[in-house]
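Chemist: I would like to see how this sequence folds:
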Amino acid sequence: MLYYQRGSETDVLTSEDLKQGILEAFGKIGDRKKILAIPPDFTRYHSRAGEITSIIYKEVGDKLADVLPALGTHAGMTEAELTQMYPGIPLDKFKVHDWRNDVVEVGRVPGAVVKEYTDGMLDYEWPAQLNKMILNGGHDLILSIGQVVPHEVIGMANYNKNLFVGTGGPEGINKSHFAGAVYGMERIMGRAINPVRKLLNYASDHFIKDLPVVYIHTVVGRDDSGKLVTRGLYIGDDLDVFTQAADLSLKVNFTMLDKPLKKVVVYLDPTEFKSTWLGNKSIYRTRMAIADAGELIVLAPALKEFGEDKEIDRLIRKYGYRTTPEVLDFVKNNEDIQNNLSAAAHLIHGSTENRFSVTYCPGHLTEEEIRSVNYNYGKLDEAMKKYDPEKLKDGFNVVDGEEIYYISNPAIGLWAEKSRFIKQ
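Modeler: Purely as a prediction, here's the structure:
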């Protein structure tokens, strides 16, 4: 059921609004003694999930027993990041999700179901995996907190993805990512219900229906001045909380364009994007908007690695961002990438399929490193001087007589040219 809902394309929710929404929902949920919060990590800093978690702690105190950031395969948060994102919460409340060692399997989606959901493309079983604390921690309320926004792997982020991927294990993460990549990113992005989401919903319905999980979803967009604002807050314990937030997110976060874009410039905030594993959102979220033979220029001042996980970084360096047929051939013939299908999926996601070009302008990686993974290289200082993020506005700009389309944060949106999206 829905415990709280508020949102529209014009709403601007303040900190006090968030607090009142949380208090109203908690009044309906009832008193709980031991609460586990599962918010996102620092890569979702702008989701307001950190602020919400802090509000909850201020209201319930030590009844908030544990905070488990949903890292997925991301690097653990530093003390400085925890303090900045979750002000006021004692550091000893935070637990680190070890995606390789701290998981339990709660069930397996049958291969026949996977085959049905993926239109016959895959028939492996999918394991539903969770951090062991969720299943065995003795909590009487589990709060899954995060932002609903278009997403490359699962169409729209959050809901049970926060659990099964954010606190999942190698096989579950790998196979879910691979399913989305094989089915086709452009057939999934911006769609709340799709093959990957169906897998997770099956797992929720069959394996964890008795867990006391409540979802807290935000929808964040930009106002007319370009400032980030919160447009919606939805709190509930079933699919409705997600679909309602997803409906608003499409209105707030999805930009439909009348014509394909010849040149797109994306800026990657250095506090969030230090790897192509994350920074390739610049590719995912714009690929349906970029014209054939168009160019994407990525300004990446903090880019220092490809994968945040050492093994994934090694695989990206070894194989590079190649076309889907090439990556599938790599998977067929190489055991190391067979055993890490999320890396294979990421290589597919980061490929342009030779339809347009990507020029990365990194702060730390070398030209040789960038070109080795099949991207073009640009000098950051020159690119930042020409495409100054302090001067450009989101949307169309003219630079040196040339029209470009600028995006200051690819993580909060999805862009598509109308005919390309409707075709899917």
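
Chemist: Can you classify residue 179 by secondary structure?
Modeler: At residue 179, secondary structure determined by DSSP: H, G, I helix; E, B strand; the rest coil is helix.

Chemist: my read: it touches residue 195, true?
Modeler: Yes - counting by Cβ atoms under 8 Å, residue 195 is a contact partner of residue 179 at 6.0 Å. Backbone N, C-alpha and C define where each C-beta goes, glycine included.

Chemist: Common neighbours of these two, please.
Modeler: 117, 118 (Cβ atoms under 8 Å, 6 or more residues apart in numbering).

Chemist: mind listing what the closest residue in space to residue 140 that isn't next to it in sequence touches?
Modeler: Excluding the flanking residues, the one nearest residue 140 by Cβ to Cβ, 6 or more residues apart in numbering is residue 32, at 4.8 Å. Contacts for residue 32 (Cβ under 8 Å, 6+ apart) come out as 60, 63, 140, 141, 212.

Chemist: Give me the phi and psi for the fourth one.
Modeler: Dihedral angles phi and psi of residue 141 (degrees, to the nearest 10) take the values phi -150, psi 130.

Chemist: just the last one next, same as before
Modeler: Torsion angles at residue 212 (phi, psi; degrees, to the nearest 10) stand at phi -80, psi 60.

Chemist: What of the second one?
Modeler: Reported as degrees, to the nearest 10, the phi and psi values for residue 63 are phi -60, psi -30.

Chemist: The closest residue in space to it that isn't next to it in sequence: how many residues sit nearby?
Modeler: The shortest distance from residue 63 to any non-neighbouring residue, by Cβ to Cβ, 6+ apart, is to residue 35 (5.4 Å). Neighbourhood size, residue 35 [other Cβ atoms under 10 Å]: 22.

Chemist: How about residue 323?
Modeler: Residue 323 has 16 neighbours, counted by other Cβ under 10 Å.

Chemist: Listing request: residues of the stretch 301-424 of the chain with sub-threshold pLDDT.
Modeler: 422-424 (pLDDT under 70).

Chemist: go with 50
Modeler: Judged by pLDDT under 50, the stretch 301-424 of the chain has its weakly predicted residues at 423-424.

Chemist: Output stretch 401-411 as CSV - backbone C-alpha positions only.
Modeler: This file holds the C-alpha atoms of stretch 401-411, laid out as CSV (Å, rounded to 0.1, in the frame of the first residue of the first chain):
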residue,chain,number,x,y,z
GLY,A,401,29.4,29.4,-34.5
GLU,A,402,28.4,25.7,-34.0
GLU,A,403,25.3,24.5,-32.3
ILE,A,404,25.9,22.0,-29.4
TYR,A,405,23.6,20.4,-26.9
TYR,A,406,25.0,20.6,-23.3
ILE,A,407,24.1,18.4,-20.4
SER,A,408,25.5,19.2,-16.9
ASN,A,409,24.5,16.0,-15.2
PRO,A,410,23.6,12.9,-17.3
ALA,A,411,22.6,10.9,-14.2
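
Chemist: What residues sit buried inside that stretch?
Modeler: For stretch 401-411, the neighbour count (16 or more other Cβ atoms under 10 Å) marks 404, 405, 406, 407, 408, 409, 410, 411 as buried.

Chemist: Would you mind pulling the contact partners of it?
Modeler: Residues contacting stretch 401-411 (Cβ under 8 Å, 6+ apart): 43-44, 46, 149, 226, 261-269, 272, 281-282, 284-286, 289, 387, 389, 392-398, 413, 415.

Chemist: do stretch 198-205 as well
Modeler: With Cβ under 8 Å, 6+ apart as the test, stretch 198-205 has contacts from 106-107, 109, 113-114, 117, 126, 128, 154, 159-161, 164-165, 176, 179, 239.

Chemist: now the helices for the stretch 101-250 of the chain?
Modeler: Secondary structure of the stretch 101-250 of the chain (DSSP state H, counting those that start in this stretch): helices at 111-117, 132-136, 161-164, 170-183, 185-188, 195-207, 239-253.

Chemist: Return the member of those helices having the minimum mean pLDDT.
Modeler: Among those, helix 185-188 carries the lowest mean pLDDT, at a mean of 90.

Chemist: got the contact list for that helix?
Modeler: Around helix 185-188, the neighbours that count as contacts under Cβ under 8 Å, 6+ apart are 152-155, 180, 194-196, 284, 287-288, 348-349, 420, 424.

Chemist: How far off centre is that helix?
Modeler: 14 Å (Cα atoms, centre = their mean, to the nearest Å).

Chemist: Check which residues of that helix are buried.
Modeler: In helix 185-188, counting by 16+ other Cβ under 10 Å, buried: 185, 186, 188.

Chemist: on that earlier part again, to residue 339, which of the helices of the stretch 101-250 of the chain lies closest?
Modeler: For residue 339, the closest of the helices of the stretch 101-250 of the chain is helix 170-183, at 8.1 Å, according to Cβ to Cβ.

Chemist: The closest one versus helix 195-207: what angle between them?
Modeler: Compare the direction of helix 170-183 with that of helix 195-207 by axes from the mean of the first three to the mean of the last three Cα atoms, to 10 degrees and you get 140 degrees.
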